[in-house]
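Asker: Return a 3D structure for these sequence lines:
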Amino acid sequence: MELSLTTTLNHHSFTPTTTLYRRSPKSITFPKPTSFKPLPPIKSSLNRNPNRNPNPKNPSNPSLLSSLKTTVVTGVTVAAIFLTRKHALAAPPPPSPATVETTTTTTGEDDQLEEKALEDHLCTYPDDVKAIKSLMEVKIKNGKVHEAIGLLNQLIELEPSDSEWQLLKYHLHSYSGDHESAKLGFERIIENDPLKVEAYHGLVMAASAKESKEDLENVEKRIVEGMEVSKKAKKKDDVRDFKLLLAQIRVIKGEYDDALRIYEELCKEEPRDFRPYLCQGIIYTLLGKNDDAEKMFGKYRRLVPKGHPYTRYFDDNMVATKVFAQKVENERAYAKS
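Answerer: Numbering: from 1, shown residues only. Here you go, the predicted structure:
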């Protein structure tokens, strides 16, 4: 599964739709497979079998378990981290699945033409920040991550006060498999801003990708420390964001009960935030607790702002979660037959 990533390209022209969001992110999307089929809206209705094991922790096929874990971690990460109140990094909504197959060729050609036009423009106007941003977006869409990093270096030189470019740069390093560079970069950001939740999230994802238990435990301790500092400083938003990140680590570790407890606590603290409900719905779906999942998805649907730009992405992510959960169930049933 390929991840998606966005950065805020315009920090100013935004009117918040709810009290939970302060900035309007403009999407920068990593390439997605073009064979993705149309999917229905979120539901937790897997084939119901009263005799099925509600906890698919030990499917007989390890590759399915790996895919399952990737799905839930990705889904929870998107909901819990990329949509925090003040974040400029978020998961963008992909194009409608129904139109992907019919427009892929045209879109690809358009992207190549746009890329060439922007490159020609920058030959004459090399310091045009808007054009560099646009070209970087096109490079990422076309899967040219290393070239996009080069453009980010230019943006960092031209706009050194904008820390979001550095965050995106290190996330791109992580995406391309250069986890060590990503880790060092996020550490530098934390040195300057010890409560930068996005940077801690980057460390978590780098540790998870490296499958480094030691690194993950180390960053977890630091997240707890950051949460305590935020509590003493009465920075409620930061405390909440750190809690969401802590829950993500529990999911990565497979400690779903602990993750659910944190999400329940977050729901009590701020019932209007749709993110914890969405995360719980994902986990309950994977655990085969369909009624609980349906309840959480229902709350998410009621709370998510109408026309929210990420709704379609979440729909696709949730359905993907259900598909993997169903595969595990089928695998278990086959093994018993």
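Asker: would you list every one of the helices in the stretch 51-200 of the chain?
Answerer: 62-80, 97-124, 129-141, 145-158, 163-175, 179-192, 197-210 (DSSP state H, counting those that start in this stretch).
Asker: tell me the mean pLDDT for the last one?
Answerer: For helix 197-210, mean pLDDT is 89.
Asker: Quick one: list the elements packing against it.
Answerer: Here helix 197-210 touches helix 62-80, helix 163-175, helix 179-192, helix 213-232, helix 236-253, going by 3 or more C-beta pairs under 8 Å, 6 or more residues apart in numbering; DSSP states H and E. (C-beta placed from N, C-alpha, C; glycine too.)
Asker: And that helix, what's buried?
Answerer: 197-208, 210 (16 or more other C-beta atoms under 10 Å).
Asker: Please save the CA atoms from that helix in CSV.
Answerer: Extracted in CSV, the C-alpha atoms of helix 197-210 (Å, rounded to 0.1, in the frame of the first residue of the first chain):
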residue,chain,number,x,y,z
VAL,A,197,4.2,16.5,17.2
GLU,A,198,4.7,16.1,13.4
ALA,A,199,8.4,15.4,13.9
TYR,A,200,7.7,12.8,16.6
HIS,A,201,5.3,11.2,14.2
GLY,A,202,8.0,11.0,11.6
LEU,A,203,10.3,9.3,14.1
VAL,A,204,7.5,6.8,14.9
MET,A,205,7.0,5.9,11.2
ALA,A,206,10.7,5.6,10.6
ALA,A,207,11.1,3.3,13.5
SER,A,208,8.1,1.2,12.4
ALA,A,209,9.5,1.0,8.8
LYS,A,210,12.9,-0.2,10.1
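Asker: okay, the angle between that helix and helix 213-232?
Answerer: Orientation check (axes from the mean of the first three to the mean of the last three C-alpha atoms, to 10 degrees): helix 197-210 against helix 213-232 gives 160 degrees.
Asker: how far away is the closest residue to Arg272 other than its chain neighbours from Leu245?
Answerer: Closest residue in space to Arg272, ignoring its immediate chain neighbours: Leu303 at 6.3 Å, by C-beta to C-beta, 6 or more residues apart in numbering. Noted for Leu303: a distance of 21 Å to Leu245, by C-beta to C-beta, to the nearest Å.
Asker: what does Glu147 give?
Answerer: Distance of Glu147 to Leu245, given as C-beta to C-beta: 30 Å.
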